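Peer 1: My questions concern the predicted model and sequence given below.
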Amino acid sequence: MSEGKPEIPAAPAAPDTTRPAAQEAAAVGASRAGTAADEYNGWQGMGIRTKRGVPAGLWIRCPGCNSTVFRKDVDRLMGVCPECDYHWYVSARNRLAQLLDEGTFEEWFGDLKPCDPIEFVDKIPYKDRIKREQQRTGLKDAVLVGMGMIRGRRVAIGVTDSAYMMGSMGSVVGEKLARLVEQAQKRDLPLIIVSGSGGGARMQEGMLSLMQMAKTSAALARFSASGGLYISVLTNPTMGGVAASFASLGDVVIAEPKALIGFAGPRTIMATIRIELPKGFQTSEFLLEHGFIDRIVRRPALKTELARLIDYCGK
Ligand SMILES: [Zn+2]
């Protein structure tokens, strides 16, 4: 650490996640590419602690390279480390602000709220967990959908937020995304979905969560048959039922650098098949090399890249 830079403790541990797959994705992601717990601009300033004489949050420590970096530089790069290109978590609202022209977002179906169809209880009852997540994140559920402009191009857009129950897909996430796809088809708009989910399908809603995989996939199949353009943007982490349904179905699939993307987590796979996994397994870079994704785009370039793709596809 260079002189004059205050020492800032690493981010506090993540709040308890809700399922083993989520925990695994969080653990792996934290060591490799970051999770919601590394958030630098969080609801309660997670990851930032005051040090005597230093205003809170002036410097932050990068979980990617351990350097202490100037927060303003990170902000300017939209939450990317200027030293090592580490991509911090960004909330769904911030993501929309980064991607859309100012003041153009019109939220759709914002009144849909989760219920507790199977009265699920894990560490705490699901309905209490919902309340807690809603308070903590200011979101009703883990996705925002609507319409906005990207450099003057009108788009239908959805963003999942990995801070809300690891961005897992329950009935509300599935329903909002399916409706978004249908609206995109009806209005003949290019569709963009930015995914961030360490949770996959949300076990607290049982089979109803699993159904959302089929529902969103079917809506996308109809959209595709009608000639719609769907660009899927994968962020860290995109796992489980989310990766296995709408997130992988883009006409173009983009990923942020070093994102963890896969179905089961590497530790589960290793424990099951008992072989050493290849280096960089389940990272964006590995998946690009193996043809699962089309392109890796750094966050500061993402808006321009999306606009270019929409033009290129003639939408
Ligand atoms: Zn860094």
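Peer 2: Yes, it's here.

Peer 1: model confidence over the helix or strand that V145 is a member of, on average?
Peer 2: In the assignment (DSSP states H and E), V145 maps to strand 143-150. In this model, strand 143-150 has an average pLDDT of 98.

Peer 1: chain center to that strand, what's the gap?
Peer 2: Computed by Cα atoms, centre = their mean, to the nearest Å, the chain-centroid distance of strand 143-150 equals 15 Å.

Peer 1: I would like the residues contacting that strand, please.
Peer 2: With contacts defined as Cβ atoms under 8 Å, 6 or more residues apart in numbering, strand 143-150 is touched by 92-93, 96, 99-101, 104-110, 154-161, 172-173, 176-177, 179-180, 183, 187, 189, 192, 303, 306-307, 310. All C-beta atoms are positioned from the backbone trio N, CA, C, and that covers glycine.

Peer 1: Distance of R299 relative to the ion?
Peer 2: Distance of R299 to the ion, given as Cβ to the ion, to the nearest Å: 14 Å.

Peer 1: which residues sit in contact with that residue?
Peer 2: If you count contacts by Cβ under 8 Å, 6+ apart, then R299 has 77-80, 87, 90, 98, 256 around it.

Peer 1: Select from those residues the one having the most neighbours.
Peer 2: When neighbours are taken as other Cβ atoms under 10 Å, the top entry among these is V90 (27 neighbours).

Peer 1: and the gap between H290 and the ion?
Peer 2: Distance, H290 to the ion, using Cβ to the ion: 26 Å.

Peer 1: and T304, what pLDDT?
Peer 2: Per the predicted model, pLDDT is 98 at T304.

Peer 1: An error on my part: the question was meant for D188.
Peer 2: 98.

Peer 1: Show the contacting residues for it.
Peer 2: D188 makes contact with G228, according to Cβ under 8 Å, 6+ apart.

Peer 1: For V181, give me phi and psi.
Peer 2: In terms of degrees, to the nearest 10, the main-chain angles of V181 are phi -60, psi -40.

Peer 1: doesn't P190 make contact with it?
Peer 2: No. Taking Cβ atoms under 8 Å as the definition, V181 is not a contact partner of P190, at 11.7 Å.

Peer 1: so what's in contact with these two at the same time?
Peer 2: 156, 230.

Peer 1: Helices - which of the contacts of R299 land there?
Peer 2: Q98 (DSSP state H).

Peer 1: ok, the contacts of R299 vs the ion, which is closest?
Peer 2: When the contacts of R299 are compared for distance to the ion (Cβ to the ion), V80 wins out at 8.7 Å.

Peer 1: OK, contacts around the closest one?
Peer 2: Contacts for V80 (Cβ under 8 Å, 6+ apart) come out as 74, 86-88, 298-300.

Peer 1: Let me know the pLDDT of it.
Peer 2: Reported pLDDT for V80: 96.

Peer 1: got it, and the one 5 residues further on?
Peer 2: Confidence per residue is given as pLDDT, and for D85 that number is 95.

Peer 1: what sits against it?
Peer 2: Residues counted as contacts of D85 (Cβ under 8 Å, 6+ apart) are 64, 257-258, 298.

Peer 1: Just name the closest of the residues you listed to the ion, please.
Peer 2: Of all the contacts of D85, the ion sits closest to G64, with 3.9 Å by Cβ to the ion.

Peer 1: how close does the residue nearest to that closest one when sequence neighbours are not counted get to the ion?
Peer 2: Sequence neighbours aside, Y86 is the residue nearest to G64 in space, at 2.8 Å (criterion: Cβ to Cβ, 6 or more residues apart in numbering). Note on Y86: its distance to the ion, by Cβ to the ion, is 4 Å.

Peer 1: Over to L277?
Peer 2: 25 Å.

Peer 1: contacting residues for that residue?
Peer 2: By Cβ under 8 Å, 6+ apart, L277 lies in contact with 266, 269-270.

Peer 1: so Q183 makes contact with I157?
Peer 2: No. Look at Q183 against I157 with Cβ under 8 Å: they stay out of range, at 10.7 Å.

Peer 1: before we move on, the earlier item: I'd guessed the residue nearest to G64 sits against S67; true?
Peer 2: No. Between Y86 and S67 there is no contact under Cβ under 8 Å: 9.5 Å.

Peer 1: These two: which has the busier surroundings?
Peer 2: Set Y86 next to S67 and count neighbours by other Cβ under 10 Å: Y86 wins out with 23 against 17.

Peer 1: for the chain, what spans make up the strands?
Peer 2: 59-61, 68-70, 106-108, 143-150, 153-160, 191-197, 230-238, 252-255, 295-296 (DSSP state E).
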